[in-house]
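A.B. asks: mind folding the following:
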Amino acid sequence: MRIKDKVSSLKGIGPKKEEALLDAGIETLEDVIYFFPRNYEDRRTVSTIKGAELFKDVLIEAKIISKKYSGNPYKKNTPLTLLIEDESGRGEVVFFNGRFLNKLFQVNQDYAFYGRVSENFARRQMIHPQFSRLGSKDDIRGILPVYPVIPGFSQNELRKMEKGLMPLYEGIEEWLPAEVIEENRLCDPAYALKNLHFPSDGRKVLEGKFRMVFEELFTLEAGLISIRQADKRSDTAVSFDCSYGDEFAASLPFELTSGQKEAWESIKADLQGSKRMNRLLQGDVGSGKTVLAEMAMLSAAKQRIQSVIMAPTELLAKQHLESFNRDLMPLGIKTDLLISSITASEKRRIIEDLAEGNINILIATHAVLEEKVVFKNLGLVITDEQHRFGVSQRRKLSAKAEDANVLVMRATPIPRTLAVILYGDLDVSQVRTMPTGRKPVKTTMVRPEERDRMYDFLRQEIKKGRQAYVVCPLISESESIEARSADQVYEELLGTFGNCNVALVHGAMKTDEKNGVMESFVAGDVDILVSTVVIEVGINVPNATVMVIENAERFGLAQLHQLRGRVGRGSEESYCFLVTDSNGDIAVERSKIMCSTNSGFEIAEEDLRLRGPGEVFGTRQHGLPQLEISDLVKHADVLEKAAQAAKKVVEKDPNLEKEENQKLKERVKKLYGDSISLDL
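C.D. replies: You can find the predicted model right below:
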């Protein structure tokens with residue numbers, strides 16, 4: 001048995017079980033060893049039959065006084081009843097499928113039972129507990145690991161499989177540098193694995209976990225640093241005077257907020273310096289990030305330097321074009337739009353004008369990534385709502401010019417430390433202030449029985465000439481998911497709001513049809529827009545004052561905040577209703593958080609706390625590899641230590657070519673898989 005052997009080499013692992021393991025990312029025996037428990041059951045405290053707490057899992061040690069199995073031996077569901085006794089009294093254990101279990105129990109022998117205790121006609125009873133004969137090798141007592149669920153495997157099967165691989169632990173070589181081990185007081189891999197899978201006390205679990213968390217984060221950071229150092233682009237970039245941006249800001253009918261001013265000073269310093277700008281600009285919806293982009297792009301255009309801003313949807317790109325033309329066309333700036341739905345002749349014209357330098361600012365969707373789209377003098381690359389783009393898309397855009405400055409804008413804030421991890425060596429600017437007159441959206445949790453009152457309020461808003469969104473988690477009804485669908489709600493609202501113009505939009509519609517509905521809503525021709533999350537990004541309707549989110553428990557905090565950001569964009573008071581019938585702790589807590597704050601920064605912190613970074617940051621968008629045991633939020637202190645250690649190693653050996661770093665290089669490759677560079 002060798003650590004690199006396939007899991008199919010294990011006894012009892014046939015094709016079906018192998019497939020289940022492969023689906024869980026377990027291909028080799030090494031993968032099994034590094035498949036860690038998600039928590040533990042402490043079965044060290046023995047309860048008596050009479051003293052056991054009801055309806056709670058407990059461990060009982062008792063002797064079998066008698067057993068009853070009188071049914072048809074060929075009938076599957078014949079019950080087996082065991083009468084058990086300890087010093088406190090008697091009770092019974094029941095197995096409803098006793099056909100195969102009957103022969104496992106012997107009268108007058110002592111057994112351990114672990115399960116939930118209830119009362120049946122004044123007699124203490126355990127139904128289908130886990131069990132083992134006292135002194136047997138399959139003892140169920142102690143601290144037992146509880147592994148993530150793998151279909152087709154019981155917890156006992158996973159524990160037995162892991163226990164069978166314990167002899168391999170000692171063969172795992174130490175691979176971390178000696179100074180790293182000493183500075184961070186790390187235990188060796190064999191000790192860590194043994195005490196993570198089969199601990200004798202809680203302290204040893206923590207020692208083992210610290211080692212494994214550290215080495216995973218050390219590998220993560222070593223990979224990130226190596227990837228960044230492999231970037232062949234020059235640190236220098238085209239620079240230009242930003243006084244035009246200052247003049248533009250002074251001409252606006254409003255004053256920039258303190259947050260905008262602070263961010264602009266940082267952007268300006270980058271663009272006027274010789275070092276390539278690599279900056280992340282974070283700010284809530286409506287905080288004024290787009291104005292800062294206009295100021296930077298205007299400054300570039302005035303010095304015949306081209307810039308491009310990439311938006312995730314055609315509608316958002318069109319809205320950018322409208323605002324850029326309104327603000328910059330009077331200043332002699334030529335702005336154009338490159339999206340997939342334009343005609344072939346128009347596309348050819350734009351590509352020619354770009355190559356000849358006749359376009360100062362290009363607003364585009366992913367259509368700009370095509371190889372034939374070439375700029376004459378590109379000096380500034382901006383991505384808007386960048387979390388909607390994949391890593392490869394961002395790289396293709398920035399590769400349009402080796403010396404272009406890069407600005408990424410994000411309306412779903414994340415903590416500064418995580419921003420650095422996700423986006424490399426970016427400088428981070430945050431716009432935490434909102435423009436004067438921008439009113440916070442009043443948010444309320446609504447139970448289904450309160451729907452009629454909510455609809456009455458909605459009617460009053462529509463009578464005032466306002467508009468509303470109603471967002472649903474599903475397009476159509478589903479047998480497997482209990483939630484209101486957009487189709488269902490649309491039909492209901494057509495009947496309930498007969499005098500109103502109700503429209504439906506969702507992601508399964510053709511692009512032209514979808515854009516047509518949204519444009520009608522923007523124009524004010526639609527009173528109520530029933531939608532899926534397709535409207536999460538890219539629609540700006542200042543006249544919309546009501547957001548209704550059906551089955552709000554099915555959305556994460558960040559997504560709820562994004563949806564709420566569709567209203568409150570005008571001068572009128574706006575409202576968000578979170579409709580839910582869930583009483584789950586997390587669902588209720590999410591609603592309370594949404595009702596208590598409008599700050600995207602606070603909500604981002606809470607979202608990370610409730611869901612964890614593994615769910616908040618998908619690997620598809622960010623290229624960040626899946627972590628098995630680490631949590632970027634909970635283990636932030638370990639992350640900092642691991643990052644410092646990794647930086648020292650990679651600075652001495654940027655490509656991890658030295659013999660002593662070969663194990664680290666293997667682990668980096670395995671962790672990142674086919675992930676490409678995280679550089680923007």
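A.B. asks: tell me where the stretch 351-500 of the chain has helices.
C.D. replies: 391-398, 416-423, 451-463, 486-496 (DSSP state H, counting those that start in this stretch).
A.B. asks: buried sites along the longest one?
C.D. replies: By that I understand helix 451-463. 451, 454, 457-458, 461-462 (16 or more other C-beta atoms under 10 Å). Glycine gets a C-beta too; all of them are placed from N, C-alpha and C.
A.B. asks: how about the residues you listed in TSV, adding distance to Asp512?
C.D. replies: Shown next, in TSV, are the buried residues of helix 451-463 (distance: C-beta to C-beta, whole Å):
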residue	distance to Asp512
Arg451	34
Met454	33
Phe457	34
Leu458	29
Glu461	30
Ile462	27
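A.B. asks: of the residues you listed, closest to Gly507?
C.D. replies: Leu458 (24.3 Å; C-beta to C-beta).
A.B. asks: Three-state assignment for Arg569, please.
C.D. replies: Assigned with DSSP: H, G, I helix; E, B strand; the rest coil, Arg569 falls in the coil class.
A.B. asks: and the closest residue to it other than its chain neighbours, what pLDDT?
C.D. replies: Distances taken as C-beta to C-beta, 6 or more residues apart in numbering put Pro542 closest to Arg569, at 4.7 Å, once the chain neighbours are dropped. Looking at Pro542, its pLDDT reads 90.
A.B. asks: what does the one 5 residues further on give?
C.D. replies: According to the per-residue confidence, Met547 scores 96 in pLDDT.
A.B. asks: chain center to the host helix or strand of it, what's the gap?
C.D. replies: Assigned by DSSP states H and E, Met547 belongs to strand 544-549. Taking C-alpha atoms, centre = their mean, to the nearest Å, one finds strand 544-549 lying 25 Å from the centre of the chain it belongs to.
A.B. asks: what is the orientation angle of whichever helix or strand comes after it with strand 544-549?
C.D. replies: Per DSSP H and E, the first helix or strand lying C-terminal to strand 544-549 is helix 557-564. Between helix 557-564 and strand 544-549, the angle comes out at 150 degrees (axes from the mean of the first three to the mean of the last three C-alpha atoms, to 10 degrees).
A.B. asks: what comes into contact with helix 557-564?
C.D. replies: Contacts to helix 557-564, defined as C-beta atoms under 8 Å, 6 or more residues apart in numbering, come from residues 285, 411-412, 441, 443, 469, 471, 533, 535-537, 547, 549, 552, 555, 576, 578, 590, 593-594, 598, 600, 603-604, 606-607, 610-611, 616.
A.B. asks: ditto for stretch 23-41
C.D. replies: 1-7, 9-10, 21, 57, 114, 143-148, 150-151, 158, 161-162, 165, 168-169, 172, 193, 196-197, 199, 205, 212, 626, 628-629.
A.B. asks: is it true that Leu144 touches Arg44?
C.D. replies: No - with contact defined as C-beta atoms under 8 Å, Leu144 does not reach Arg44; the gap is 9.9 Å.
A.B. asks: for those two, indicate the residue with more neighbours.
C.D. replies: Leu144 (21 against 12; other C-beta atoms under 10 Å).
A.B. asks: could you check the pLDDT of that one?
C.D. replies: Leu144 carries a pLDDT value of 90.
A.B. asks: helices and strands around the helix or strand hosting it, which ones?
C.D. replies: Following DSSP H and E, one finds Leu144 within strand 142-146. Strand 142-146 sits against strand 39-43, helix 155-163, with contacts defined as 3 or more C-beta pairs under 8 Å, 6 or more residues apart in numbering; DSSP states H and E.
A.B. asks: parallel or antiparallel, list what pairs with that strand.
C.D. replies: strand 39-43 (antiparallel) (DSSP bridges).
A.B. asks: quick one: contacts for Gly259?
C.D. replies: Here Gly259 is in contact with 283, 287-288, 430-433 (C-beta under 8 Å, 6+ apart).
A.B. asks: pull the most distant pair out of the residues you listed.
C.D. replies: Gly288 and Gln430 (12.3 Å).
A.B. asks: any idea how far Leu494 is from Ile549?
C.D. replies: Distance of Leu494 to Ile549, computed by C-beta to C-beta, to the nearest Å: 20 Å.
A.B. asks: before we move on, back to that, and the residue nearest to Arg569, how close does it get to Val505?
C.D. replies: 19 Å.
A.B. asks: surely Glu85 and Ser66 touch.
C.D. replies: No - contact criterion C-beta under 8 Å: Glu85 and Ser66 do not qualify, at 9.7 Å.
A.B. asks: for Tyr147, see how far away the closest residue to Pro199 other than its chain neighbours is.
C.D. replies: Closest residue to Pro199 apart from its sequence neighbours, by C-beta to C-beta, 6+ apart: Val205 at 4.5 Å. Here the criterion is C-beta to C-beta. By it, Val205 lies 14 Å from Tyr147.
A.B. asks: repeat for Ala558
C.D. replies: 29 Å.
A.B. asks: now do Asn540
C.D. replies: Distance of Asn540 to Tyr147, given as C-beta to C-beta: 47 Å.
A.B. asks: cool, and Ala192?
C.D. replies: 17 Å.
A.B. asks: more neighbours: which of these two?
C.D. replies: Ala192 (24 against 19).
A.B. asks: shouldn't that one be within a helix?
C.D. replies: Yes - counting by three-state DSSP, Ala192 is found in a helix.
A.B. asks: show me what contacts it?
C.D. replies: 207-209, 211-212.
A.B. asks: what's the weakest-modelled helix or strand in this protein?
C.D. replies: helix 619-622 (a mean of 40; mean pLDDT, DSSP states H and E).
A.B. asks: quick one: list the elements packing against the helix or strand just after that one.
C.D. replies: Scanning forward in sequence from helix 619-622 by DSSP H and E, the next helix or strand is helix 636-652. In this structure, helix 636-652 packs against helix 178-184, helix 202-229, helix 416-423, with contacts taken as 3+ C-beta pairs under 8 Å, 6+ apart.
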